[in-house]
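> just to be clear, the model below is a prediction. Sequence and coordinates:
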Amino acid sequence: MAVDQAVRERIAADLWNAEQSAVAIDRPTDSHAGLDVVDAYEIQLINIRKRLDAGAKVAGHKVGLASEAMQKMMNVDEPDYGHLLDEMQYFEKTPIDAAKLCFPRVEVEVGFILGKDLPGEGCTNDDVVDAVEWVVPSIELIDSRITDWKITLCDTIADNASSCGWILGEQRIPISEIDTGDIDAVLHRNGEIVAKGNSSAVLGHPLNAVSWLARKVDSFGVRLRRGDVILPGTATRAIDISSGDHFVAEFAGLGSVTLDFD
């Protein structure tokens, strides 16, 4: 049974305050057993609209739960998604204040920049190949505003799919010049390798994640547009961060991206 709009607004406010204060909250599903996926996406949108009203712009979208292992852990059979806003973009060589975050983690992703709008319903991988202008090395910074990452699917969706920020490397490769379904990725923290993976771990192929995303957001009246950044899911496990950490993500044939924390 879904929850009413007043409950949605209250949960959205709690998540908003948690992000602003960097003080996590208990998971909403513990207090609201009726919370479902539709509620969760509506809660996400309440806070996204609040940020857009304050001047932020949608820069793209991210796909979460894109690996079989994560879906099994959450007991779901499809990914979820969140919004990437322009104010969520971080930059190489500009350290991030870790104290302003709750439980931050780093994910390595083969990113895409769209050169054309994508269709919604019926979007295929061929449509994605036609629309993508650039393949880019990227890191997603995730953070849960819910204590100790003890979340269910509805909790993370309501929390903007646990998204916090995104960073792109400088390299840009046309999609016709790289096999995006077979890119090895290595993540270094302070000079040591902490994670390895391959882009095939993302729903078997990252293009599957992007076409799924286009179809999914269309059901909420949203389209993926020219210029959007799309993060299809991580090629490695997520890595916790500490103050002072320096990360380098390297992608075979694609380049690298760095991320630093104060």
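Nice, thanks for sending it over.
> who's in contact with the residue nearest to Leu207 when sequence neighbours are not counted?
Excluding the flanking residues, the one nearest Leu207 by Cβ to Cβ, 6 or more residues apart in numbering is Asn125, at 4.2 Å. Where C-beta positions appear, they are placed from N, C-alpha and C, glycine not excepted. If a contact means Cβ atoms under 8 Å, 6 or more residues apart in numbering, then Asn125 has His205, Leu207, Asn208, Val210, Ser211 as its contacts.
> which one among those residues gets closest to Pro95?
Val210 (30.5 Å; Cβ to Cβ).
> element containing Glu140, please.
Element membership for Glu140, per DSSP states H and E: strand 132-142.
> how about that strand: buried residues?
Val132, Trp134, Val135, Val136, Pro137, Ser138, Ile139, Glu140, Leu141, Ile142 (16 or more other Cβ atoms under 10 Å).
> okay, these in a markdown table with distance to Thr152 next?
Output for the buried residues of strand 132-142, formatted as a markdown table (distance: Cβ to Cβ, whole Å):
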| residue | distance to Thr152 |
| --- | --- |
| Val132 | 32 |
| Trp134 | 35 |
| Val135 | 33 |
| Val136 | 32 |
| Pro137 | 31 |
| Ser138 | 27 |
| Ile139 | 25 |
| Glu140 | 20 |
| Leu141 | 22 |
| Ile142 | 16 |
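> need those in TSV with pLDDT, can you?
Formatted as TSV, the buried residues of strand 132-142 follow (pLDDT from 0 to 100):
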residue	pLDDT
Val132	98
Trp134	98
Val135	98
Val136	98
Pro137	98
Ser138	98
Ile139	97
Glu140	96
Leu141	97
Ile142	95
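> show me which helix or strand of the chain is least confident by mean pLDDT.
The weakest-scoring helix or strand in the chain, judged by mean pLDDT, DSSP states H and E, is helix 68-74 (a mean of 72).
> residue contacts, the residue nearest the centre of the chain?
Nearest to the mean C-alpha position of the chain, by Cα atoms, centre = their mean, lies Lys62 at 3.6 Å. Counting by Cβ under 8 Å, 6+ apart, Lys62 touches Tyr81, Gly82, His83, Leu84, Glu140, Ala161, Ser163, Trp166, Ile230, Leu231, Gly233.
> quick one: the fifth one from Gly60, how far?
Distance check for Glu140 against Gly60: by Cβ to Cβ, to the nearest Å, it reads 11 Å.
> which neighbours do the two have in common?
Contacts common to Glu140 and Gly60, judged by Cβ under 8 Å, 6+ apart, are Trp166, Leu231.
> what's the burial count for Arg10?
By the measure other Cβ atoms under 10 Å, the count of residues near Arg10 is 16.
> repeat that for Ser256.
17.
> what's the neighbour count on the nearest residue in space to it that is not next to it in sequence?
With Cβ to Cβ, 6+ apart as the criterion, Ser256 has its nearest non-adjacent residue at 4.6 Å, and that residue is Glu250. Look at Glu250: counted by other Cβ under 10 Å, it has 18 neighbours.
> what are the buried residues along the helix or strand containing Glu250?
Using DSSP H and E, the element containing Glu250 is strand 246-251. For strand 246-251, a neighbour-count test (16+ other Cβ under 10 Å) marks Phe247, Val248, Ala249, Glu250, Phe251 as buried.
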